[in-house]
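1. just to be clear, the model below is a prediction. Sequence and coordinates:
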Amino acid sequence: MTSFRTLDDIEAVRGQRVLVRVDMNVPMADGAVTDDTRLRAHVPTITELSDAGAKVLLLAHFGRPKGEYRPEFSLEPVVPVLADVLGRDVIFMQRPDNDAIDALPDGAIVVIENTRFAGGEEKNDPGMAKAIASFGNAFVSDAFSVSHRAHMSTEGIAHHLPAYAGRAMQAELDALEAALGNPEHPVAAVVGGAKVSTKLAVLEHLVTKVDHLIIGGGMANTFLAARGVDVGKSLCEHELTDTALAILEAADRADCTVHLPYDVVVAKEFAPNPPTRTVNVHEVAEDEMILDIGPAAVEALADALKTCRTLVWNGPLGAFETPPFDTATVALAQTAAALTREGSLTSVAGGGDTVAALNHAGVAGDFTFVSTAGGAFLEWMEGKELPGVAALST
């Protein structure tokens, strides 16, 4: 991975203005923030800069206002929640103003209104980047979750100011480097989810990078079908079986072992706690659907993980939101967590469903690193260069 500067490299910020790109795109209901996880991630960066005497000017987007002012997408309601999380005062500013910023005391923290209210944000307008950069002496990117977007506040602004990774961004990039950039082998990847089509690029990239590729979720059915298994009524992209075979052949050429389930949990309806059977994959009836991986396959996967030094995980193994089809995901996640706790495995996971599944299993805190980024994490797993990360390179 390309090297980048961090807050360890930033000097003498007292009285200086530091523009910090953060992720304040938090879930809200009835005008109130319902989850402050993303805000908490930025506490180390904001407090470190504030304590060093910088005037901390926070840039963030909220929702998709499409380049126009829409009050329901204002960041103003998020400001008091951020103040609570930080335990210090936070000022809201409709638009950056030199006189107002000059009047701020050293260490002040300011939230500037939704960057996406300006059309130039998503267009990465060079003029807007230069104008916003003029309000700062340095730029800190602390929002990996938006680093796959080449927007003004994630990429453009970094070309006009000394640019650094904040503590959250640094932790993310260090974890990703340990997982796939320069990992300790053997490496395992768990890739789950409903459809192969959404993770084709991920699978094609991973077979060249990992030693064990564990495929779960609905997408495993497409691979099983490609191998001639009748998957009954299961979710399956039959039109992609040739693509699945090509991925399996690429894995063979790269000496990557692909793990598909050989026993599965089936039901005739997709509902909580219906009658189920655990069967060999060749025994799925035509009116049944595969909704989870079976216990024998999970045990074999656990044995495979015990031989590995690194794990990257994206997506559940079964329909984990609906009991009892969370069993395989929970069991394998608990194995990974135990191996991580004992120090034999570096485990990195990411993506919305994945975070929810690991929280459900009660092990998110035991993994080496859990990324809350969705699209950025997926694009990184595809091997793509992320514009907001490339802009920080030295």
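-> Perfect, I can see it now.
2. quick one: low-confidence parts of the chain?
-> By pLDDT under 70, the weakly predicted segments of the chain are 1-2.
3. domains of it?
-> 7-167, 183-381 (automatic domain parsing).
4. same list (those domains) but as a markdown table, adding distance to residue 173.
-> Where you see a C-beta, it was placed from the backbone N, CA and C, and this is true even at glycine. Formatted as a markdown table, the domains of the chain follow (distance: least, CB to CB, whole Å):
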| stretch | distance to residue 173 |
| --- | --- |
| domain 7-167 | 7 |
| domain 183-381 | 9 |
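5. of all those domains, which lies closest to residue 391?
-> domain 7-167 (3.7 Å; CB to CB).
6. end to end, how far does that closest one reach?
-> For domain 7-167, the first-to-last residue distance is 7 Å (CA to CA, to the nearest Å).
7. ranges for the helices of this protein?
-> Along the chain, counting by DSSP state H, helices occupy 37-41, 43-51, 79-86, 98-102, 126-133, 167-176, 200-206, 217-226, 241-253, 295-306, 327-341, 352-361, 375-381, 387-390.
8. most tightly packed of the ones you listed?
-> Of all the helices of the chain, helix 217-226 has the most neighbours on average by mean count of other CB atoms under 10 Å, namely a mean of 25.
9. number of nearby residues for residue 342?
-> When counting by other CB atoms under 10 Å, one arrives at 8 neighbours for residue 342.
10. ok so, going back, mind putting the helices of the chain in CSV, distance to residue 159 included?
-> Formatted as CSV, those follow (distance: least, CB to CB, whole Å):
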stretch, distance to residue 159
helix 37-41, 25
helix 43-51, 21
helix 79-86, 28
helix 98-102, 21
helix 126-133, 7
helix 167-176, 17
helix 200-206, 28
helix 217-226, 39
helix 241-253, 37
helix 295-306, 43
helix 327-341, 39
helix 352-361, 31
helix 375-381, 20
helix 387-390, 11
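11. so which of the ones you listed comes closest to residue 286?
-> Taking CB to CB, helix 217-226 is the member of the helices of the chain nearest to residue 286, at 13.1 Å.
12. relative to helix 241-253, how tilted is the closest one?
-> For helix 217-226 against helix 241-253, the angle by axes from the mean of the first three to the mean of the last three CA atoms, to 10 degrees is 90 degrees.
13. contacts for helix 217-226, please.
-> 191-196, 199, 215, 231, 234-238, 240-242, 244-245, 247-248, 258, 260-261, 281, 290, 293, 315-319 (CB atoms under 8 Å, 6 or more residues apart in numbering).
14. apply 6 Å and report the result again.
-> With contacts defined as CB atoms under 6 Å, 6 or more residues apart in numbering, helix 217-226 is touched by 192-196, 215, 231, 234-237, 240-241, 244-245, 260-261, 281, 290, 315-316.
15. same check, this time on stretch 180-198
-> Against stretch 180-198 from outside (CB under 6 Å, 6+ apart): 1, 199, 206, 209-219, 222, 237, 240, 305, 308-317.
16. next, the buried residues of that stretch.
-> Neighbour-count burial for stretch 180-198 flags 180, 183, 186-196 (criterion: 16 or more other CB atoms under 10 Å).
17. re the thing from before, in strands only, show me the contacts of stretch 180-198.
-> Within those, residues falling in strands by DSSP state E are 212, 213, 214, 215, 310, 311, 312, 313, 314.
18. determine which two of those residues are furthest apart.
-> Across those, the longest distance by CB to CB is 17.8 Å; it joins 215 and 310.
19. neighbour count winner among the two?
-> residue 215 (29 against 21).
20. gap between that one and residue 257?
-> Using CB to CB, to the nearest Å, residue 215 is found at 11 Å from residue 257.
21. cool, and residue 354?
-> Separation of residue 354 from residue 257 (CB to CB) stands at 22 Å.
22. for residue 55, give me its contacts.
-> With CB under 6 Å, 6+ apart, residue 55 has these contacts: 17, 104, 108.
23. top of these by neighbour count?
-> Ranking the contacts of residue 55 using other CB under 10 Å puts residue 17 first, with 22 neighbours.
24. what bridges to that residue?
-> Note on residue 17: beta-bridge partners residue 55, judged by DSSP bridges.
25. my read: it touches residue 137, true?
-> Yes: in terms of CB atoms under 6 Å, residue 17 counts as a neighbour of residue 137; the distance is 5.2 Å.
26. so which of the helices of the chain gets nearest residue 5?
-> helix 167-176 (9.7 Å).
27. what's the angle from the closest one to helix 43-51?
-> Using the same axes, to 10 degrees, helix 167-176 lies at 140 degrees relative to helix 43-51.
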